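S.K.: From the sequence below, what's the structure:
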Amino acid sequence: MTHPPTRTLLGTSLLIATLFAASGCASSTSATTPAASETSGYPVTVSSCGVSHTYTSAPQRVLLGAPGIVDTLDALGVADSAMGYALSDLDEGEAAAHPALTNNTSDWTPAKEYLLGADPDLFIANDEQQFTGDGAASLADLETVGAGLYVLGDYCADSTAKPSIDAVYNDIDSLGTIYNVPDKAKTLNDQLRSRVDAAAALNHGGPVTAASVSIVDGTVYALTGAGYEAVLDSLGITNAFAGVGANYTQISREDVITADPDIIFVTYSGPDDKATAIANATSLFAGSKAVTDGKVFGQDENAYQAGGIRIVDVVEQSAKDAFGSE
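M.R.: Numbers count the residues shown, from 1 in each chain. Okay, here's the model as predicted:
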């Protein structure tokens, strides 16, 4: 979905590209259509970003668009199918926890050679634009190896993703179909919905405004893409910059101070970056209501990149930060 500087500091151009893509720049409704076979659950045909793929068995050689996606597979009990991931700089212990994750690349747009060498049967992406074909692997290359593509969050190239937490539940349902674990998917979604409802219930005070921002080398960007909006909307928080137009828009520090939101959420990448990101925002936006009230909090950009259940983690943490815990 999105992402700022990592622990190894991604280049600014890559950062901006991934933030733009992950912000909800594009999407299309995913449709999942089980095919007939009551005994095995296969074959099933799942459509993602308008492209249908038929699975005749559970995927066994799966590549991920970001390390944290494995957490969603783990929650469904199918993490052992994953063999590698893109954006390896974002690893926060996933490879150590899942030793089978060995086919990794630091690229956000995987190279053709990497894809063909790994020979996956499924790629779970955080954005369809991971397959641009512009000097990197393309959708045609996926077809060459016979791999399906599932794009989390409906971040597709030709339509705008909807800013709704429902995207997480839809992804769980679709992956449950692909892996033939519908009962686990339903149980997981019931748990996730309960967690989101409990987080939203912490907001006892009525309407609240927040600025979701990223700070890169002192430059401020307003974050209004689908993932960020879904988190705020689920908690009854209004994005102070919802009307800026683009998903990832450069703004000034004065814009934030003038908007004077109740809360400022600043993204960070990796736990080592959290305190620095909050300190930078606190300094940069000194004089704003949020800073004066001590309401500047971090949001884990790596979780936005991972999508799935990690988005619910952000919802819960944001609610506890903004409203306190009961």
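
S.K.: The stretch 151-300 of the chain: helices as residue ranges?
M.R.: Applying DSSP state H, counting those that start in this stretch to the stretch 151-300 of the chain gives helices spanning 166-178, 182-200, 226-234, 253-259, 271-284, 289-292.

S.K.: Buried residues in stretch 230-241, which are they?
M.R.: Buried positions in stretch 230-241, judged by neighbour count with 16 or more other CB atoms under 10 Å: A230, V231, L232, D233, S234, L235, G236, I237, N239, A240, F241. Just so you know, the C-beta spots here come from the backbone N, C-alpha and C atoms, and that holds for glycine as well.

S.K.: for the stretch 1-150 of the chain, what spans make up the strands?
M.R.: 31-34, 44-48, 51-55, 62-64, 82-85, 122-125, 148-151 (DSSP state E, counting those that start in this stretch).

S.K.: give me the number of residues near the residue nearest to I215 when sequence neighbours are not counted?
M.R.: Nearest non-adjacent residue to I215, counting by CB to CB, 6 or more residues apart in numbering: N280, 5.4 Å away. Neighbours of N280 under the rule other CB atoms under 10 Å: 17.

S.K.: Could I get the pLDDT score of N280?
M.R.: On the pLDDT scale, N280 is placed at 97.

S.K.: Check the gap between it and E301 for me.
M.R.: 14 Å (CB to CB, to the nearest Å).

S.K.: next one: A75
M.R.: 21 Å.

S.K.: got a list of contacts for stretch 108-120?
M.R.: When contacts are defined by CB atoms under 8 Å, 6 or more residues apart in numbering, stretch 108-120 is touched by residues 14, 17-18, 21, 59, 61-63, 65, 83-84, 86-87, 103, 105, 107, 123, 129-132, 134-138, 141-142, 144-145, 147.

S.K.: now swap in stretch 47-61 and tell me
M.R.: 27-28, 30-33, 35, 40, 42-46, 78, 81, 83, 118-122, 128, 139, 148-151, 154, 156-158, 174, 178-180.

S.K.: Mark which of those are buried, thanks.
M.R.: 27-28, 30, 32, 42, 44-46, 78, 81, 83, 118, 120-122, 128, 139, 148-151, 154, 156-157, 174, 178-180.

S.K.: would you turn the strands of the stretch 1-150 of the chain into a markdown table with mean pLDDT?
M.R.: Shown next, in a markdown table, are the strands of the stretch 1-150 of the chain (pLDDT from 0 to 100):
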| stretch | mean pLDDT |
| --- | --- |
| strand 31-34 | 46 |
| strand 44-48 | 97 |
| strand 51-55 | 96 |
| strand 62-64 | 98 |
| strand 82-85 | 98 |
| strand 122-125 | 98 |
| strand 148-151 | 98 |
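
S.K.: So which of those is nearest D197?
M.R.: For those, proximity to D197 was assessed by CB to CB; strand 31-34 is nearest, at 24.2 Å.

S.K.: Do you know the pLDDT at H3?
M.R.: Value listed for H3 in the pLDDT field: 37.

S.K.: Offset the numbering so it begins at 29, please.
M.R.: Got it, the first residue is 29 from now on, which makes the last one we talked about H31.

S.K.: just for the stretch 179-328 of the chain, where's the confidence low?
M.R.: Filtered on pLDDT under 70, the stretch 179-328 of the chain yields no residues whatsoever.
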